[in-house]
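> Just need the structure, nothing else, for what follows:
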Amino acid sequence: MAKGKKPRPVWQSFVAGGLLSLGTYLLGLSLLALLLVKGALSESGSFPAVAVLCVLSALAGGLPAVRLTGLRWGGVPAAALFLSVLILAGLGFWENIAWLGHGGILLLCGLAGGLLAGLAGPKRRRRRK
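Next up is the predicted model:
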């Protein structure tokens, strides 16, 4: 670390990753809505597109969290924060969520994105003596 710089708390990296995931997800949903309205994406293909977007959003937020914390599992808390906001928003708009249907699949996709961020993150290097 450079002289005079304080290290960033780990939780700030997780929050930054979760917010980046949310921003990516909202931007991607806007683009998917535009594609649906224009007819470039069929209605039957909308859920797989949202599932892929969920994985990519969790991956996009998890990679900086892994890089900033230096922890291989750092993408999982960022993805969990992202998914918890999605769950709270879903429960706020609907009375119940079909956990065994599309809701559960999206949760698994988000967690898979967080795990992929850990796998794709920087490799630990051994110090040479």
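
> pLDDT weak spots in this structure?
Applying pLDDT under 70 to the chain flags the ranges 1-5, 97-100, 121-129.

> Where does the residue nearest in space to the middle of it sit: helix, strand or coil?
Central residue of the chain (CA atoms, centre = their mean): residue 58, 1.6 Å from the mean position. Here residue 58 takes the helix state, with states given by DSSP: H, G, I helix; E, B strand; the rest coil.

> now swap in residue 95 and tell me
Criterion first, three-state DSSP; result for residue 95: coil.

> how much space between the residue nearest to the centre of the chain and residue 114?
Using CB to CB, to the nearest Å, residue 58 is found at 5 Å from residue 114. Quick note: C-beta positions are derived from backbone N, CA and C, even for glycine.

> Could I get the buried residue list for the helix or strand containing residue 104?
Of the helices and strands defined by DSSP states H and E, residue 104 is found in helix 102-120. For helix 102-120, burial by neighbour count (16 or more other CB atoms under 10 Å) applies to 103, 105-107, 109-118.

> One more: stretch 37-48?
residue 41.

> contacting residues around residue 112?
55, 58 (CB atoms under 8 Å, 6 or more residues apart in numbering).

> Adjust the sequence numbering to begin at 6 for everything that follows.
Noted, 6 is the first residue going forward, which turns the last one into residue 117.

> Using PDB, write out every CA atom in the helix holding residue 109.
What follows is helix 107-125, C-alpha atoms only, in PDB (Å, rounded to 0.1, in the frame of the first residue of the first chain):
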ATOM      1  CA  HIS A 107     -38.900 -18.600 -12.500                       C
ATOM      2  CA  GLY A 108     -38.100 -16.900  -9.200                       C
ATOM      3  CA  GLY A 109     -35.900 -19.700  -8.000                       C
ATOM      4  CA  ILE A 110     -34.100 -20.000 -11.300                       C
ATOM      5  CA  LEU A 111     -33.200 -16.300 -11.300                       C
ATOM      6  CA  LEU A 112     -31.800 -16.700  -7.700                       C
ATOM      7  CA  LEU A 113     -29.700 -19.600  -8.800                       C
ATOM      8  CA  CYS A 114     -28.500 -17.700 -11.900                       C
ATOM      9  CA  GLY A 115     -27.500 -14.700  -9.700                       C
ATOM     10  CA  LEU A 116     -25.600 -17.000  -7.300                       C
ATOM     11  CA  ALA A 117     -23.900 -18.700 -10.200                       C
ATOM     12  CA  GLY A 118     -22.700 -15.300 -11.500                       C
ATOM     13  CA  GLY A 119     -21.200 -14.600  -8.000                       C
ATOM     14  CA  LEU A 120     -19.400 -18.000  -8.000                       C
ATOM     15  CA  LEU A 121     -18.200 -17.400 -11.600                       C
ATOM     16  CA  ALA A 122     -16.700 -14.100 -10.500                       C
ATOM     17  CA  GLY A 123     -14.700 -15.900  -7.800                       C
ATOM     18  CA  LEU A 124     -13.500 -18.400 -10.400                       C
ATOM     19  CA  ALA A 125     -12.600 -15.800 -12.900                       C
END
